[in-house]
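**Q** attaching a predicted model along with its sequence, questions to come.
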Amino acid sequence: RAREPDVESHMAALRELVGDRRLIVRIDRTELSKNIVRGLTAYREFLAAHPEWHGRVVHLAFAYPSRHDLPEYREYTAAVQRCAMEIEDEYATEDWDPLILNVQDDYPRSLAAYRLADVMLVNPIRDGMNLVAKEGPVLSPNSALVLSREAGAAAELGSDALLVNPYDVSATARAIHEGL
């Protein structure tokens, strides 16, 4: 599926959007357990600690709606959007958007992002398996995987990933840097 024309088209569009910058990719549902806000906060800390990466990296964060009939999930999505806006406000320049957040589900675009990833960020606070942790490296075998030790996939992939405590924002920021 990842080689279909619609995915190739999304790849071209994403490349046009980000240029030759390195890509940190996260693809998740906006569920509290996915820990998206801490992942974005880690990216912000990474940018603060490593100005040499400004203009050279983009974080593609695809946070797809989930359970929006529940107020807690709507608020969490709003918190993700606020955090993303704060990063943009602090770091964006005329010719660099450090973060591209998309909350509209688009499977072909997700496959394209996987294929372009230099670093995959998967930092749930608890997850049964987390297929993103498996799908991303299959489609981008040279990418680094920053992976929560609490993801079920850590049991299989831990020796080949940069394992992080999902609550430790600073360690996640350091793992992002190491992955790049």
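**A** Perfect, thanks for sending it.
**Q** give me the number of residues near residue 107?
**A** Residues lying near residue 107 (other CB atoms under 10 Å) number 13. Heads up, the C-betas are built off the backbone N, CA and C, glycines and all.
**Q** quick check on it: phi, psi?
**A** Residue 107 adopts backbone torsions of phi -60, psi -50, taken as degrees, to the nearest 10.
**Q** and it, how close does it get to residue 62?
**A** Between residue 107 and residue 62 the distance is 10 Å, computed by CB to CB, to the nearest Å.
**Q** what of residue 73?
**A** According to CB to CB, residue 73 stands 16 Å off from residue 62.
**Q** who has more neighbours out of those two?
**A** residue 62 (20 against 17).
**Q** element containing the closest residue to the more buried one other than its chain neighbours?
**A** Excluding the flanking residues, the one nearest residue 62 by CB to CB, 6 or more residues apart in numbering is residue 27, at 4.6 Å. Residue 27 belongs to strand 22-29 when assigned by DSSP states H and E.
**Q** and that strand, what does it pack onto?
**A** When contacts are defined as 3 or more CB pairs under 8 Å, 6 or more residues apart in numbering; DSSP states H and E, strand 22-29 sits against helix 36-49, strand 57-64, helix 107-116, strand 119-122, helix 132-139.
**Q** check those for me: which has the lowest mean pLDDT.
**A** When the helices and strands packed on strand 22-29 are compared by mean pLDDT, helix 132-139 comes last with a mean of 90.
**Q** quick one: residues in contact with that helix.
**A** 2, 25-28, 111, 114-115, 117, 120, 122, 143, 145, 147, 151, 153-154, 156-157, 160-161 (CB atoms under 8 Å, 6 or more residues apart in numbering).
**Q** in that helix, which residues are buried?
**A** Of the residues in helix 132-139, 132-137, 139 count as buried by neighbour count, 16 or more other CB atoms under 10 Å.
**Q** just put these in CSV and tack on distance to residue 18.
**A** CSV is the format used below for those (distance: CB to CB, whole Å):
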residue, distance to residue 18
132, 20
133, 23
134, 24
135, 20
136, 17
137, 20
139, 17
